[in-house]
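Asks: I need the structure of the sequence given here:
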Amino acid sequence: MNFLVTKVNNPIEHLSRVGVDPASVVIFKNKGEFVSLLIYDVPVIAANVIKQEMLAAGGDAAVHRQAITHRVDRTHVLTMGTLAQHRKLIEKLSMMHYWELDKIAKDIEDCLFGEVIRCMNLPSGRKLYFDRTLIMGVINVTPDSFYAASRVEKDKLLDRVAQMIREGVDIIDIGGESTRPGSDRVTEEEEMSRVVPAVELVKKNFDVVVSVDTYKAKVAEESIKVGAEIVNDVSALRFDPNMVEVLKKYKPAVVLMHMKGEPKTMQENPHYDDVVKEILYFLKERIEFLSESGIDDRIMIDPGIGFGKRLEDNLEIIKRISEFKSLKRPVLIGASRKSFIGKVLGDVPPEERLYGTLAVTAYCVLNGVDVIRVHDVRENSHVIKLIETIRKTDNRSF
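Replies: Predicted coordinates for the structure are as follows:
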């Protein structure tokens, strides 16, 4: 009698092939879906308890080699187990009101089972759904953006936007100040004169979601008045304290991006001990700040590829991009034609970085990124469409 053994990446997808009872799918999901959680900076006593409870549940947890001797005060903890084993861990830790264990239990529960934002209400009344990877097309009404082909003169604006819409763009992102490394700031008046007319012209001619790429509150406000529905703030609301009031008043969606320093100086010897950890802490604080201001369900996050990062930092962020999903907000990546791609490919200029960009896009889509900010809509949309089609193949419901 012949039989065959294969290793599968996602056992849940194969339950239909086995022919299981549909009612048992949830049970198998809990037992068969393996997860690992990285819990940062845990008090060493609590870390040892977590390891003990994971072992008791049938899983395991890795801690610092000196945790058992208490020669370190804190340690990261890496849990390893099924969903069912993590549920047991949560149940046990929730009853321990000491050493922050009950708080850790709540954070684990939120990370594994917390509600993920999959839809945002925009000021116009339309809804922005994140049921697939969306494409944000870059429109720069500037004379000095790093990629010359992204610069659009006023008389070419409608043609460029029309082309992007034909090619499958979901969001048009209009910016009036270059934030390339070493760039100088422009005045509020200058930026407003570039951006607001462009937003108004696009909205008068096309029914498309428009994002305004600015950290200046007044530019954002005037752009929203003429139709912008997303504020893409590279400073995550740190450069202009009035931005939060604009968000509260007009209720646009907002992109919070991480940047070390400011564009003029951000590439002057940036350093991180753990770039993903530092960005996660930063974005978590920014989300909590906005939540306290009553803005919680309209937040996207962007780790800021190229903004105060070295080559190795950018690669590490992309490699670990799925970790940003733990914040339960849509994740946006803007890597299109950036310098790290050029360095990896042998110091090629922006004009020769399309294929590298498409590789990054593919990796990001496969790892759950919700929005890709790109210069080349058609090529990136083809990559996304093919990956999404493969994913949906034989996607049987139970």
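
Asks: can you show me the helices along the chain?
Replies: Using DSSP state H, the helices found in the chain span residues 15-18, 25-32, 44-57, 83-94, 101-113, 157-167, 188-205, 217-225, 243-250, 275-292, 311-319, 339-344, 354-366, 377-392.

Asks: mean pLDDT for those helices - can I get that in CSV?
Replies: As requested, the helices of the chain are exported to CSV (pLDDT from 0 to 100):
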stretch, mean pLDDT
helix 15-18, 78
helix 25-32, 78
helix 44-57, 97
helix 83-94, 97
helix 101-113, 96
helix 157-167, 96
helix 188-205, 95
helix 217-225, 98
helix 243-250, 96
helix 275-292, 95
helix 311-319, 97
helix 339-344, 96
helix 354-366, 98
helix 377-392, 95
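
Asks: give the buried residues for stretch 270-284.
Replies: 270, 272, 275, 276, 277, 279, 280, 282, 283 (16 or more other Cβ atoms under 10 Å). The way it works is simple: take the backbone N, C-alpha and C, and place the C-beta from them, glycine included.

Asks: and the fifth one, how far from residue 103?
Replies: Shown here: residue 277 relative to residue 103, a distance of 18 Å by Cβ to Cβ, to the nearest Å.

Asks: for the last one, same thing?
Replies: According to Cβ to Cβ, residue 283 and residue 103 sit 19 Å apart.

Asks: at the geometric centre of the protein, which residue sits there?
Replies: Centroid-nearest residue in the chain: residue 331, 1.9 Å away (criterion: Cα atoms, centre = their mean).

Asks: tell me how many other residues crowd residue 233.
Replies: Number of residues near residue 233 (other Cβ atoms under 10 Å) recorded here: 26.

Asks: one more: residue 323?
Replies: By other Cβ under 10 Å, 18 other residues sit near residue 323.

Asks: which ones are touching the residue lying closest to it once chain neighbours are set aside?
Replies: Nearest residue to residue 323, sequence neighbours excluded (Cβ to Cβ, 6 or more residues apart in numbering): residue 276, at 5.9 Å. Residues counted as contacts of residue 276 (Cβ atoms under 8 Å, 6 or more residues apart in numbering) are 303, 316, 317, 320, 323, 324.

Asks: so the third one sits against residue 279, correct?
Replies: Yes. The pair residue 317 / residue 279 is scored as a contact, 7.1 Å apart, by Cβ atoms under 8 Å.

Asks: what sits in contact with each of the two?
Replies: When Cβ under 8 Å, 6+ apart defines a contact, the residues bordering residue 317 and residue 279 alike are residue 303.

Asks: quick check: residue 60 vs residue 49, distance?
Replies: For residue 60, the distance to residue 49 (Cβ to Cβ) stands at 14 Å.

Asks: quick one: which of these two has more around it?
Replies: residue 49 (21 against 14).

Asks: give me the neighbour count for the residue nearest to the more buried one when sequence neighbours are not counted.
Replies: Among residues not flanking residue 49 along the chain, residue 101 sits closest, at 6.2 Å (Cβ to Cβ, 6+ apart). Using other Cβ under 10 Å, residue 101 is surrounded by 21 other residues.

Asks: please apply the same query to residue 24.
Replies: 12.

Asks: tell me how far stretch 354-368 is from the chain's mean position?
Replies: Relative to the centre of its chain, stretch 354-368 is centred 14 Å away, using Cα atoms, centre = their mean, to the nearest Å.

Asks: check stretch 170-185 too.
Replies: From the chain centre to the centre of stretch 170-185 is a distance of 19 Å (Cα atoms, centre = their mean).

Asks: end-to-end on it?
Replies: End-to-end distance for stretch 170-185: 29 Å, by Cα to Cα, to the nearest Å.

Asks: please identify the buried residues of it?
Replies: Buried residues in stretch 170-185 (16+ other Cβ under 10 Å): 170-181, 183, 185.

Asks: care to break this protein down by domain?
Replies: 11-113, 119-392 (automatic domain parsing).

Asks: pull out the buried positions in stretch 230-248.
Replies: Within stretch 230-248, the residues scored as buried using 16+ other Cβ under 10 Å are 230-240, 243-244, 246-247.

Asks: CA atoms of that stretch as PDB?
Replies: Output of stretch 230-248 as PDB, limited to C-alpha atoms (Å, rounded to 0.1, in the frame of the first residue of the first chain):
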ATOM      1  CA  ILE A 230      -5.900  60.900   5.600                       C
ATOM      2  CA  VAL A 231      -3.000  62.800   7.300                       C
ATOM      3  CA  ASN A 232       0.300  61.100   6.700                       C
ATOM      4  CA  ASP A 233       2.600  62.600   9.400                       C
ATOM      5  CA  VAL A 234       6.300  61.600   9.300                       C
ATOM      6  CA  SER A 235       6.700  63.100  12.800                       C
ATOM      7  CA  ALA A 236       3.900  61.100  14.300                       C
ATOM      8  CA  LEU A 237       2.400  64.400  15.600                       C
ATOM      9  CA  ARG A 238       5.700  65.500  17.400                       C
ATOM     10  CA  PHE A 239       6.600  68.400  15.200                       C
ATOM     11  CA  ASP A 240       3.400  70.400  15.400                       C
ATOM     12  CA  PRO A 241       1.400  70.200  18.700                       C
ATOM     13  CA  ASN A 242      -1.700  71.600  17.000                       C
ATOM     14  CA  MET A 243      -2.000  68.500  14.700                       C
ATOM     15  CA  VAL A 244      -3.900  66.500  17.300                       C
ATOM     16  CA  GLU A 245      -6.600  69.200  17.500                       C
ATOM     17  CA  VAL A 246      -7.000  69.000  13.700                       C
ATOM     18  CA  LEU A 247      -7.400  65.300  13.900                       C
ATOM     19  CA  LYS A 248     -10.000  65.700  16.700                       C
END
